[in-house]
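J.: no sequence for this one, just the structure:
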Ligand code: NZQ
Ligand code: ZN
């Protein structure tokens, strides 16, 4: 593996009443004014808002509400939150929701403290903010692992770019599997695939030598596949929801990237599809990733064969390419079995006019085993239709 520095700043509270335990312990550590941030209103329907407000009241906090954070949060929404946080001199931001709420708040936490245009800073000067309002996260739907890292995926609607930026790493996070019970089934499955996708993207990153990181990734992948199937059979199973919630955190807290170059090619393509269609992240990955791997496996047949055997339980076919293809077929079958879409059309994306723009604007990285060309991304998108 390559040299690395690893740090993990988030205090994580997991399990029953995690938010109650987290907020009672953590809130007293911060100043009086708390910005309570959430999405389109699910927290008000499922009772999470009332629970959090009660705990904020117990802790004598003045609450500033920042609501309406949309799935695939926009840079404009970040600016709205930053103006509010700055104006009210917020001491702590409490993000209650999924990856979108958490991501938006990570950049709000930085933008509130600077007049710099953070988008310009990131994309023109390759720099990142260093000062943040402290951030806490209460997770209501699992999958992105956003609550465990400093990555924020933001859509710049004007520039038609959806991309990762560096933001505040949450100081604490609460993961109560019961909070996900009200989430739509399709969103829960989308999140589960996102977790699996993070594992795969890291696993296929270089180097492909024998290393501990990849062995851990194999275990997480097997577990996610098994747990997702179990959840489809019994959506109310809190134990399984908890396993998936922790797997989501494991897949994006940095552990599976230790000593590896993680290029996240499927994510790069999906994010740009999102910039043009505002599509669901995990579902987009479920469509793109198997097709991407049919394009890539010949460049790393040994690694794909190992994945097929160790993760999907495929029998060795005596030829790495054949074994690899059987693994990709197992991935495709998994998508179908759990009820995720396997084409853009099934996601409701019938328009094809954006493929060229997406192919051209996708940030092509080093590549897990081979660098894709713009033409190839276009072909992959066409096959996704
Ligand atoms: O807005 P509300 O009303 O809360 O509804 C949300 C939203 O419509 C709903 N929801 C969440 N919890 C619920 C619930 N509905 C009922 N009951 C609950 N308990 O779910 C919908 C989707 O929420 P969202 O936060 O958008 O989903 P997700 O967690 O999948 O986040 C997706 C975003 O995260 C980014 C994606 O690109 C996308 O923008 N990612 C962030 C990453 C990171 N920071 O590390 C990594 C990922 O690869 C990903 O790119
Ligand atoms: Zn993802």
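T.: Everything's here; your move. Here the structure is a predicted model, which is why all the values come from computation and not from measurement. Numbering: from 1, shown residues only. Ligands and ions are numbered 1, 2, ... in the order given.
J.: for the protein, what lies in contact range of ligand 1?
T.: Within the chain, the positions lying close to ligand 1 (CB under 6 Å from any ligand atom) are 39-43, 46, 71-72, 97-101, 103, 140-141, 143-146, 149, 151-153, 179-180, 182-183, 187, 191, 194, 252, 267, 281-282. C-beta here means a position set from N, CA and C on the backbone, and glycine is covered the same way.
J.: filter those to the buried ones?
T.: For the residues of the chain next to ligand 1, a neighbour count by 16 or more other CB atoms under 10 Å gives the buried set as 39, 42-43, 46, 71-72, 97-101, 103, 140-141, 143-146, 149, 151-153, 179-180, 183, 187, 191, 194, 252, 267, 281-282.
J.: inside strands: which ones of these?
T.: 97, 151-153 (DSSP state E).
J.: give the contact list for the residue nearest the centre of the chain.
T.: The centre of the chain sits closest to residue 144, judged by CA atoms, centre = their mean, with a distance of 2.4 Å. By CB atoms under 8 Å, 6 or more residues apart in numbering, the contact list for residue 144 reads 98-99, 102-103, 191, 194, 248, 252, 281.
J.: where's it relative to residue 267, distance?
T.: Residue 144 is 11 Å from residue 267, where distance means CB to CB, to the nearest Å.
J.: centre of the chain to the helix or strand containing residue 224, how far?
T.: Per DSSP states H and E, residue 224 falls inside helix 212-233. In terms of CA atoms, centre = their mean, to the nearest Å, the centre of helix 212-233 is set 16 Å apart from its chain centre.
J.: all helices for the stretch 251-385 of the chain, in order.
T.: For the stretch 251-385 of the chain, the helices defined by DSSP state H, counting those that start in this stretch cover 265-277, 281-296, 301-312, 320-337, 355-361, 374-384.
J.: ok, for residue 271, nearest residue in space, not its chain neighbours?
T.: Nearest non-adjacent residue to residue 271, counting by CB to CB, 6 or more residues apart in numbering: residue 162, 4.2 Å away.
J.: A strand includes that neighbour, no?
T.: Yes - assignment of residue 162 by DSSP: H, G, I helix; E, B strand; the rest coil places it within a strand.
J.: residue 196 contacts residue 221, doesn't it?
T.: Yes - taking contacts as CB atoms under 8 Å, residue 196 lies within contact range of residue 221: 6.2 Å.
J.: re earlier: adding distance to residue 107 and mean pLDDT, write the helices of the stretch 251-385 of the chain out as JSON lines.
T.: Listed next are the helices of the stretch 251-385 of the chain as JSON lines, based on distance: least, CB to CB, whole Å; pLDDT from 0 to 100:
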{"stretch": "helix 265-277", "distance to residue 107": "15", "mean pLDDT": "97"}
{"stretch": "helix 281-296", "distance to residue 107": "17", "mean pLDDT": "98"}
{"stretch": "helix 301-312", "distance to residue 107": "34", "mean pLDDT": "98"}
{"stretch": "helix 320-337", "distance to residue 107": "31", "mean pLDDT": "98"}
{"stretch": "helix 355-361", "distance to residue 107": "20", "mean pLDDT": "97"}
{"stretch": "helix 374-384", "distance to residue 107": "27", "mean pLDDT": "97"}
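J.: would a markdown table of those with distance to residue 76 be doable?
T.: Below are the helices of the stretch 251-385 of the chain laid out as a markdown table (distance: least, CB to CB, whole Å):
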| stretch | distance to residue 76 |
| --- | --- |
| helix 265-277 | 14 |
| helix 281-296 | 19 |
| helix 301-312 | 40 |
| helix 320-337 | 33 |
| helix 355-361 | 19 |
| helix 374-384 | 27 |
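J.: partner strands of whichever helix or strand residue 34 is part of, parallel or antiparallel?
T.: Element membership for residue 34, per DSSP H and E: strand 33-37. When pairs are called by DSSP bridges, strand 33-37 turns out to pair with strand 62-66 (parallel), strand 92-97 (parallel).
J.: rebuild these as a markdown table, extending it with distance to residue 258.
T.: Formatted as a markdown table, the strands paired with strand 33-37 follow (distance: least, CB to CB, whole Å):
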| stretch | distance to residue 258 |
| --- | --- |
| strand 62-66 | 34 |
| strand 92-97 | 26 |
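J.: highest mean neighbour count out of these?
T.: Ranked by mean neighbour count under mean count of other CB atoms under 10 Å, the strands paired with strand 33-37 are led by strand 92-97, which reaches a mean of 29.
J.: what does that strand contact?
T.: With CB under 8 Å, 6+ apart as the criterion, strand 92-97 contacts 23, 27, 30-31, 33-39, 42-43, 48-49, 52, 56, 69, 85, 101-102, 104-105, 108-109, 133-141, 168, 170.
J.: can we see that at 7 Å?
T.: The contact list for strand 92-97 (CB atoms under 7 Å, 6 or more residues apart in numbering) reads 30-31, 34-39, 43, 48, 52, 69, 85, 101-102, 105, 108-109, 133-138, 140.
J.: of those residues, keep whichever come out buried.
T.: 30, 34-39, 43, 48, 52, 69, 85, 101-102, 105, 108-109, 133-138, 140.
J.: for residue 103, see how far away the closest residue to ligand 1 within the stretch 201-350 of the chain is.
T.: Closest residue of the stretch 201-350 of the chain to ligand 1, CB to the nearest ligand atom: residue 281 (3.9 Å). Plainly put, residue 281 is 11 Å away from residue 103 if you go by CB to CB.
J.: what's the answer for residue 26, then?
T.: 20 Å.
J.: same deal with residue 323?
T.: Residue 323 sits 37 Å away from residue 103, taking CB to CB as the criterion.
J.: low-confidence ranges, the stretch 1-150 of the chain, go.
T.: For the stretch 1-150 of the chain, no stretch has pLDDT under 70.
J.: ranges for the helices of it?
T.: Using DSSP H, counting those that start in this stretch, helices in the stretch 1-150 of the chain cover 18-26, 42-45, 48-58, 75-87, 99-111, 118-123.
J.: counting neighbours, what do you get for residue 7?
T.: 6 (other CB atoms under 10 Å).
J.: actually, residue 158.
T.: 10.
J.: read off the pLDDT value for it.
T.: Per-residue confidence (pLDDT) for residue 158: 97.
J.: I'm done for today, thanks for sticking with me.
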